[in-house]
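1. Fold the following for me, if possible:
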Amino acid sequence: MIRVRVRGITATAVSKILVDRGYSIVQASNVVRERLNLVDDRSPADVTVKDSSEDELLVLGFYGKADKVYEDLVESLEYVYRWVSPVGLYSVHIGVVRERNGTTCTVDLGPVSGILGGCRHGVGDRVLVSVEKAPIKPGEKAKLSYRVRVVGEYVSLIRGSTSITLSEHIRDRSKREYLLAIAASKLMGSGLGVHFRSSSMYAERRDIEQEIDQLIAKLSAILDEAGKEGRAPRCLYEGEFIGILGITSMAKRALDLRRREVVPTLRGHHSLKAAGGTLSELVDFAEKFIEIGECGEESVEKAISSYIMDKLRSSPKIRITHKKPDGRTYELSPGRLHEVVEDRDSYRIVLVRTMRSHGIYDGLGVEKRAGDIDYMVIYVNDWVVSHNYYRDGAWIGSYININTPPEILPGRVKYHDLLVDVAVKPGGEPEIVDREELDAYCNNKVLTAKLCDEALKKAISVKENIKKYLYVK
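-> Predicted structure coming up:
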């Protein structure tokens, strides 16, 4: 059975998903263990799943296991950005130097190229390197090193370093001294460095020592293979799988539902918790009231929604966070609240943004001037954000962005872009734009099938019902 360690604000929901799919959750927190009725299993993890940012889940571990966990999470959450490194973290390669600039070389690894600092080789040379930082998101390059690392369940051995390091999670002083003593007895004079992983704090001495011996043998085999002619570039050691899921508002709703199966959970729990600070504590407090039966879930959700809207109304400037499938995050120029329009079981938030620079409006091909006004309409629970541009009181065009339903937070609006959009100018017909970009990200599977289908369907719907999405003064 594949053993998974889960950490972060999504731990309960992710653990529930994985338990239902037959995985074993190890090193779980006391809270998660109690909620899911898990045994206290301190076995080393094959795979780690943890938050890497407020909207991302990182999956790291041995190939054949971590990649399976990753795909199962994608299948369960459906509406996610999907980023996977084409080479393993700490993978070892015979690369070929393609460019050199001072002491920095660009090295061809085959699937990708990487950057090697402190390069001691020339163009065309073969070079033995490992991947210290894997390229996960589009456009990223691997960060390479002459150091060669092999990874086990308890330790990593490093050729090219004599340092002894320990996981930040190993805080007990006696345990740290115990592990340092093992390192000294096994590796003194070997010229190898060692890093003790968090799992080592639960391991027996004989298991750690046995793994060190196994890793020394594996490292020796890698170096022997590196000395042979063979083709180049080629991979000598696959390292660890590493991938990130970009968690959209819809994926967070799926997490909310899975968490709700084991503990009272507010609608929007994971979105609100990711915001951190006072709001995160407020969610914990509110859910505790629901758990002990002091308040109904619907009443609490209305109260928190009202609290957020009050915060929006009192914010002099509202931040707008626009996340792209290439991994970049843009902070648009902020807006001030203009009005809130209730629409049956939902509402629309209208922000006013004043343009500060000259340029061209994307998708419209219309000149942008300082002083233009954008009436930006946030459709809560809908897959659009509408930009309506005015100059001297006259409408000059609208650009309807297709995105995941926005997350509304105190003083902030956040959404994940789905690339395709609809543009319309005075006297013209609405036009779907950037369809090719959507197709490219769908074909390379950065966007899941669910997101691709929803994006195109929504773009067509907006084009056919364009008046619904225009803001008229």
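2. Show me the residue sitting in the middle of the chain in space.
-> residue 56 (2.5 Å; CA atoms, centre = their mean).
3. quick one: low-confidence parts of the stretch 201-350 of the chain?
-> Within the stretch 201-350 of the chain, the ranges that satisfy pLDDT under 70 run 293-296, 344-345.
4. which residues in it form helices?
-> Counting by DSSP state H, counting those that start in this stretch, one finds helices in the stretch 201-350 of the chain at the ranges 205-226, 249-260, 269-275, 277-291, 297-314.
5. Now for residue 35: which residues touch it?
-> By CB atoms under 8 Å, 6 or more residues apart in numbering, the residues touching residue 35 are 12, 262-263. Using the backbone N, CA and C atoms, a C-beta is placed for each residue, glycine as well.
6. Residue 207 and residue 182 touch, don't they?
-> No. Counting by CB atoms under 8 Å, residue 207 does not reach residue 182; the two are 10.6 Å apart.
7. who has more neighbours, the two?
-> residue 182 (20 against 15; other CB atoms under 10 Å).
8. Next, find the distance separating the more buried one from residue 147.
-> Distance of residue 182 to residue 147, given as CB to CB, to the nearest Å: 21 Å.
9. packing partners for the longest strand anywhere in the chain?
-> In the chain, assigned by DSSP state E, the strand with the most residues is strand 329-343. If contacts are counted by 3 or more CB pairs under 8 Å, 6 or more residues apart in numbering; DSSP states H and E, strand 329-343 sits against helix 297-314, strand 318-323, strand 346-354, strand 373-379.
10. what about those, which gets the closest to residue 130?
-> strand 318-323 (31.0 Å; CB to CB).
11. Report the residue ranges of every domain in this structure.
-> 3-86+243-260, 92-238, 315-469 (automatic domain parsing).
12. tell me the most buried of those domains?
-> domain 3-86+243-260 (a mean of 20; mean count of other CB atoms under 10 Å).
13. Out of the contacts of residue 35, the closest to residue 328 would be?
-> Using CB to CB, the contacts of residue 35 come closest to residue 328 at residue 12, 29.9 Å.
14. Give the helix, strand or coil label for the closest one.
-> Going by DSSP: H, G, I helix; E, B strand; the rest coil, the secondary structure assigned to residue 12 is helix.
15. Please report the distance of it from residue 244.
-> From residue 12 to residue 244 the distance is 20 Å (CB to CB).
16. Please apply the same query to residue 184.
-> Taken as CB to CB, the span from residue 184 to residue 244 is 37 Å.
17. Same check on residue 178?
-> With CB to CB as the criterion, residue 178 and residue 244 are 34 Å apart.
18. Please verify my assumption that residue 361 contacts residue 368.
-> Yes. Residue 361 is in contact with residue 368 according to CB under 8 Å; the separation is 5.2 Å.
19. quick one: common contacting residues for these two?
-> Jointly contacting residue 361 and residue 368 under the rule CB under 8 Å, 6+ apart are residue 389.
20. who are the neighbours in contact with residue 459?
-> Contacts of residue 459 (CB under 8 Å, 6+ apart): 402, 420-422, 432, 435.
21. Out of the residues you listed, which is nearest to residue 142?
-> Using CB to CB, those come closest to residue 142 at residue 420, 30.7 Å.
22. excluding its backbone neighbours, what's nearest that closest one?
-> residue 438 (4.2 Å; CB to CB, 6 or more residues apart in numbering).
23. what is the rounded mean pLDDT of the strand or helix carrying that neighbour?
-> For residue 438, the host element (DSSP states H and E) is helix 435-443. Helix 435-443 carries an average pLDDT of 96.
24. what's near enough to touch residue 101?
-> So residue 101 contacts nothing (CB under 8 Å, 6+ apart).
25. Quick check: residue 435 touching residue 420?
-> Yes. Counting by CB under 8 Å, residue 420 is a contact partner of residue 435 at 5.6 Å.
26. On the pLDDT front, check residue 365 for me.
-> Note on residue 365: pLDDT of 88.
27. any idea how far residue 425 is from it?
-> 8 Å.
28. Over to residue 13?
-> Distance from residue 13 to residue 425, by CB to CB: 44 Å.
29. Residue 358 contacts residue 368, correct?
-> Yes. Judged on CB under 8 Å, residue 358 makes contact with residue 368 at a distance of 6.1 Å.
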